[in-house]
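Q: Sequence and computational prediction follow.
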Amino acid sequence: MELSTKLYLVTDDGQKFMGAGVLWLLENVGETGSLLAASEKMGMSYTKARGMLENLEKELGRTMVDRKKGGAMRSGATLTPFAKKYISLYREFQDNAKAAAGKCFESFQRAALALMEEEDGEQ
């Protein structure tokens, strides 16, 4: 038995706006310098990627990606300084939450095993 966790942030009305997919999108924008290239790398449409980014920016009230028009110059997109710090902060939150969940799961496993052994002994 293993523990699997999925962490994401939701708006007050329960709509997801930050999770692994958005995190990967931001990281890929940082690597590729392009929202289009990042979306293609992830196998998602540009429209979906743009929507995910816009939802995040709307919820945080911050610009995450400085976008330049494409065309002949193909200037692309760069992460804002805020976005770079936010990515790091979210990664730290994710790691800490998973570690805490892992400790709780270990405790649950021990208790469940003890319960099963107790029940087996009663039979």
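A: Everything's here; your move. Numbering: from 1, shown residues only.

Q: show me what contacts residue 120?
A: Residues near residue 120 by CB atoms under 8 Å, 6 or more residues apart in numbering: none. Glycine gets a C-beta too; all of them are placed from N, C-alpha and C.

Q: Could you say which helix or strand holds it?
A: Under the criterion of DSSP states H and E, residue 120 resides in helix 81-122.

Q: and that helix, how far from the chain's centre?
A: With CA atoms, centre = their mean, to the nearest Å as the basis, helix 81-122 stands 17 Å off its chain's centre.

Q: With stretch 53-67 instead?
A: The answer for stretch 53-67 is 15 Å, by CA atoms, centre = their mean.

Q: Show me what the helix or strand of the chain with the lowest mean pLDDT packs onto, helices and strands only.
A: Every helix and strand of the chain was ranked by mean pLDDT, DSSP states H and E. The lowest is strand 65-67, at a mean of 93. Packed against strand 65-67 by the contact rule (3 or more CB pairs under 8 Å, 6 or more residues apart in numbering; DSSP states H and E) you find strand 77-79.

Q: follow-up on the earlier one: now the helix holding residue 120: mean pLDDT?
A: For helix 81-122, mean pLDDT is 95.

Q: what's the answer for stretch 25-43, then?
A: The average pLDDT within stretch 25-43 is 96.

Q: which residues sit against that stretch?
A: Residues contacting stretch 25-43 (CB under 8 Å, 6+ apart): 21, 24, 45-46, 48-50, 52-53, 64-65, 67, 70, 74, 76-79, 83-84, 87.
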